[in-house]
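J.: one predicted model, sequence on top.
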Amino acid sequence: MAERAAGRPVPGRPFSVRRIPGFAGIAAVSFVLLYAPIVTLVVYSFNAGDSIALWEGLSLRWFAAAWANEQVQEATVRSLVVAASASAIATAVSTMAALGTTRTAPFPGSMAIYALINQPLMVPEIVTAVALLIVFAMIKISTGYSGLGYLIAAHAAFCVPFAYLPIRARLEGMDLSYEVAAADLYATPWQTFRRITLPLLSPGIVAGAMLAFVISLDDVVITEFVKSAGQDTLPTYMLGQLRRAVTPEVNAISTALLAVTVVLLSAFFVLNRQRR
Amino acid sequence: MAGPAAPALAPARTGETAARAARIRRNWLLATPALVLLLLAASGPLLVVVVYSVLEPGEYSGVVWELSGEGWFRVLFHRDIFDDTLSLADAHLTIFWRSASISLLTTAITLVLGFPTAYFIATRPPTQRMLWLFLVTIPFWTNLLIRTFAIMEVIRNEGILNSWAMKLGLIQAPIQILYTDTAVLIGMVYVYLPLMVLPLYAAMERLDFRLVEAAYDLYASRWRVLTRVIVPLVRPGIVAGSILVFIPSLGAYVTPRVLGGGKNMMISNLIELQFGEGRNWPLGAALSMTLLAFVMVALLVYVRNMSKVERRG
C-alpha cells in the first residue's frame, strides 16, 4: 500500500488508499437508521404497559394477549397454510423448470420461458393484485368457489422466481461427471435423477423453498386484494389493526414474525456457505 | 424442428436432429407446470387488465362490456358531471407528481446514504464483510409492513424521536411528522435503503484499488479520486441500485398507506381507490397500465445498463 501521503495527509494516522473521510460516519448513520426502528419495535413488544411509547417494565403480556387472540390464531394458521402450500407448489414447478432451462443450449422459446418466470419480479405488486382481483372475481362468480385456493395460486405464482433462482444457481454449479458416470454404469435416466441429481440439487431446493416461504409469509398487497371476506393472513390482519388504536400486541406479532425471518435467513446463509 | 427429417439426410445427422428435437420437447415439458401457473395467476390476468381499461364502468363495480375510452381519458382529464366541461384532473396530477418526486427523492437520499455504506462494507477485511452484509440483508428480508410499523412508531407524536427531542429541549411541542409527505419519504428511504446498498456493494467489491492508488500517486486529491476514479468504476452499481429503488418506490402501496394516513396518496393508492370507493374499474385498470408503462421504461434503462456492463466484461 502507498505509504506516501497524497493530497493532504491526516496527522497521526497512516494514509490508506481505501479510506475516504466521512464515509464511515455516514455508514454508521445508515446502520443506526436500519436498526433503531426495528430494535425499538422489538423492545416495546416486551413492554408491560398499555402504551407503545411509555416504558413500564419487562413483560410477556402482549405475546400472551396475541397468543390468546382468536383472530390472530386463525390468521397465523392461515398464513402458515398458504405459505407452506404456495412454497411447496412453487418449489416443485421451479425445480422442473430449472431442470428444463439449465445445462442446455439456448432452444427456441427459452428466452420467453425465462422472461415469464421472472415476470413477477418486474411488475409492480399493485398491478398484479388488481389483475388477480378482476380475474378471480370472474372465476368466483362462475364457479362459486371462494376458498383458500385463490390465495395459494397467487402466492405460488409470485414465489416462482424466488424458488427458481437458487435452484438454477445450484444446477449450474453442479458437476456433470457424476450423472455421466451413473449413466455409464447402466443407471436408467430416472435412477440417475433420483439417486444422483436430486440429492446433489437438494441444498438449492431447500434454499428456494425457504425463500419462497418467507416471501409468501410477508406478502401484504396481493393478499389484501385477493382474499375473500374472513381470509386475513397475519400481515393483512396487522394492516387492518392500524385503523383502530395500535396496541403493543401488533409489536408482539411483529417480533415473532421477525424472529421467524431471522432464523430462516440465518439457515439460508449457513446452507449457502456450506456449499462453497 | 420436430417435423419429419428429410430422407436425403445422412443417418447420423437425422439422429442428431431427432435428439435435439426430443431435448427441446423435454425442456418445454419440464417448464410447462411453471408456465401454466404463471399464465393463470400472474401474466395472463395482466392482459385482462388491458381489456378492462377500455370498457365502460359498471354502476356499482366491475364493468359493462362496451368499448369506451373513458377509462384512459380520465387518467388525465376530468369531466364535470353537470355541464360536461373538461378540465385537467388536478387530483390525479397531484398524485402523479407526489409519486414521481417522492420516488426520485427516495432514490437520491438512499444513494447518498448507501454509497458510503457500501464503500465502508467493501473496504472491511474479507472476513468481516459477510457479517456487515448480513446486517444489511436482515432488514431487506424483514416484512415491509413490520418495517413500516417500526418507523411509524419512531416518528409518531408520542414516538421516541419527538420525546427525545423534547427531553433534550430541541423542541417545545411534538412536531407532526406522521401522515405527511415527509413521513412517507422517511419511510421509503428506510424501507428501500438495503436495495441501494446491495447492488452498490456488488460493484465495489470488484473495485480494483490499484487504480485508486495510481490516482493518488499521480497527486489526485481525495475528491478527485472519488469523482474521477471510484464513481465511474462503480457506475453500473449506481445505476442498478437507483433503478432497483426507484421502481418499487413508484409502485409503493403499503408505506404511503400507513404513513401517509390515507390522504397523502401515491399512484398505487389511487389505483386501489378506483377498485374500492371510486367504483371505476376501467380507470383503475388504465392507471395500472400507466404505472406498468413507467416501470417498464425504468427497467429498459436497467437492462441497457446491464448489457453494457456485460459487453465490457
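T.: That came in fine, so what should we check first?
J.: so what's the one residue in the stretch 151-276 of chain A that gets nearest to chain B closest to, chain neighbours aside?
T.: For the stretch 151-276 of chain A, the residue closest to chain B is residue A:157, as judged by Cβ to the nearest Cβ, at 3.7 Å. The C-beta positions use only the backbone N, C-alpha and C, and glycine is treated the same way. Of all residues not flanking residue A:157 in the chain, residue B:41 sits nearest, at 3.7 Å (Cβ to Cβ, 6 or more residues apart in numbering or on different chains).
J.: give me every residue that touches the one you found.
T.: A:132, A:153-154, A:156-157 (Cβ atoms under 8 Å, 6 or more residues apart in numbering or on different chains).
J.: pick out the most distant pair among those residues.
T.: The distance between the two most remote of the contacts of residue B:41 (Cβ to Cβ) is 12.1 Å, for A:132 and A:156.
J.: ok, back up a step: got TSV for the contacts of residue B:41, with pLDDT and secondary structure too?
T.: What follows is the contacts of residue B:41, written out as TSV (pLDDT from 0 to 100; DSSP: H, G, I helix; E, B strand; the rest coil):
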residue	pLDDT	secondary structure
A:132	96	helix
A:153	96	helix
A:154	96	helix
A:156	97	helix
A:157	96	helix
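J.: you'd agree residue B:171 is in a helix?
T.: No. With DSSP: H, G, I helix; E, B strand; the rest coil as the criterion, residue B:171 is located in coil rather than a helix.
J.: how far away is the residue nearest to residue A:157 from residue A:260?
T.: From residue B:41 across to residue A:260, the span is 25 Å (Cβ to Cβ, to the nearest Å).
J.: count the neighbours of residue B:110 for me.
T.: Residues within reach of residue B:110, counting by other Cβ atoms under 10 Å in any protein chain shown, total 29.
J.: who's in contact with it?
T.: Contacts for residue B:110 were tallied using Cβ under 8 Å, 6+ apart; they are B:189, B:192-193, B:195-196, B:241, B:245.
J.: kindly report the same for residue A:224.
T.: Taking Cβ under 8 Å, 6+ apart, we find residue A:224 in contact with A:129, A:236, A:239.
J.: go with 10 Å
T.: Listed by Cβ atoms under 10 Å, 6 or more residues apart in numbering or on different chains, the contact partners of residue A:224 are A:125-126, A:129, A:133, A:232-233, A:235-236, A:239-240, B:253-254, B:257, B:272.
J.: count of neighbours near residue 101?
T.: Picked chain A for this. Taking other Cβ under 10 Å as the criterion, the count of residues near residue A:101 is 23.
J.: looking at chain B here, not the other one
T.: Per other Cβ under 10 Å, the neighbour tally for residue B:101 reads 12.
J.: quick one: it and residue B:181 touch, right?
T.: Yes. Between residue B:101 and residue B:181 there is a contact at 8.6 Å, judged by Cβ atoms under 10 Å.
J.: what's the closest non-adjacent residue to residue A:31?
T.: residue B:135 (6.7 Å).
J.: I'd assumed residue A:34 was in contact with that neighbour.
T.: Yes. Taking contacts as Cβ under 10 Å, residue B:135 lies within contact range of residue A:34: 7.5 Å.
J.: and for the two, which residues touch both?
T.: Counting by Cβ under 10 Å, 6+ apart, the common neighbours of residue B:135 and residue A:34 are residue B:194.
J.: more neighbours: the two, which one.
T.: A count of neighbours by other Cβ under 10 Å puts residue A:34 above the other of residue B:135 and residue A:34, at 23 against 14.
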